[in-house]
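Participant: Here is my input; please provide its structure:
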Amino acid sequence: MSRSKKVDEKRAKIYEFLPASMRDNSYAVHVDGITGIAPFNEAYPPKEGLSAYRMKLTCDILVLNEEKPFLAIELETSQDPQVVMGLIPLYMLTKWIKIRKANLDLNQFPVDSLLLIIVVPDLSDTLQEKWTDSEEKLKELIDLKENKLSTLKDFEICEISDFKSTLKKILINNGYEELATEPPCET
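Facilitator: Numbers count the residues shown, from 1 in each chain. Next up is the predicted model:
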């Protein structure tokens, strides 16, 4: 199976796990005509006299709260911590997110603070220990709550089988208890 087909299947599965109110305020690539979600690290569109904006990566799922992005969900096919950990500093710098629809209608959202969940492939027991250790060390190294330059407020890394519990954990830890207690959307 191709990488893109695996990602599309996982994205659809994770999108289904979102509580109803979150899903109603979410965008997912290849769902409802969305062709791309792109975080940028500078003002978009660029202001006259400033360097052009820079796209950092593409995002799989973006959830809004009161018309502002608050949760990004990234699907990664690599099990290599170096590859996945590279997403975190990129999201720390994100200042603006653009959503592209099939009809070329562009939506642009400024970012105040963002939560990030990175979903990785299923891991062996040995790799799970390495991932847990890497995540803990990175959280100790980067105090996101004290870092005034970062728009990333918190992050979690999980396997797809742990997504529901990870989503609940990050929501509760960051003051979104009402969203954490909602059941997943029924399809």
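Participant: what's the burial count for residue 179?
Facilitator: Residues contacting residue 179 under the criterion other C-beta atoms under 10 Å number 22. Yep, even glycine has a C-beta here, placed from its N, CA and C like the rest.
Participant: got it, and the one 4 residues further on?
Facilitator: When neighbours are counted by other C-beta under 10 Å, residue 183 registers 7.
Participant: again, but for residue 143
Facilitator: Using other C-beta under 10 Å, residue 143 is surrounded by 9 other residues.
Participant: If we go by neighbour counts, what in the longest helix along the chain is buried?
Facilitator: Counting residues, the longest helix found in the chain (DSSP state H) is helix 125-141. Residues of helix 125-141 classed as buried by neighbour count (16 or more other C-beta atoms under 10 Å): 127, 131, 135.
Participant: In this structure the last one contacts residue 157, no?
Facilitator: Yes - in this structure residue 135 lies within contact range of residue 157 using C-beta atoms under 8 Å: 5.1 Å.
Participant: From residue 166, how far off is the most centrally placed residue in the chain?
Facilitator: Most central in the chain under C-alpha atoms, centre = their mean is residue 72, positioned 2.2 Å from the mean C-alpha point. To residue 166, residue 72 is 14 Å away according to C-beta to C-beta, to the nearest Å.
Participant: Mind listing the shared neighbours of these two?
Facilitator: Residues touching both residue 72 and residue 166 (C-beta atoms under 8 Å, 6 or more residues apart in numbering): residue 117.
Participant: Which parts of the protein are strands?
Facilitator: Remark: strands assigned in the chain by DSSP state E are 26-28, 34-40, 61-65, 68-75, 96-101, 106-110, 114-120, 152-159.
Participant: Count the neighbours of residue 118 for me.
Facilitator: 21.
Participant: And it, how close does it get to residue 27?
Facilitator: The gap separating residue 118 from residue 27 is 18 Å, by C-beta to C-beta.
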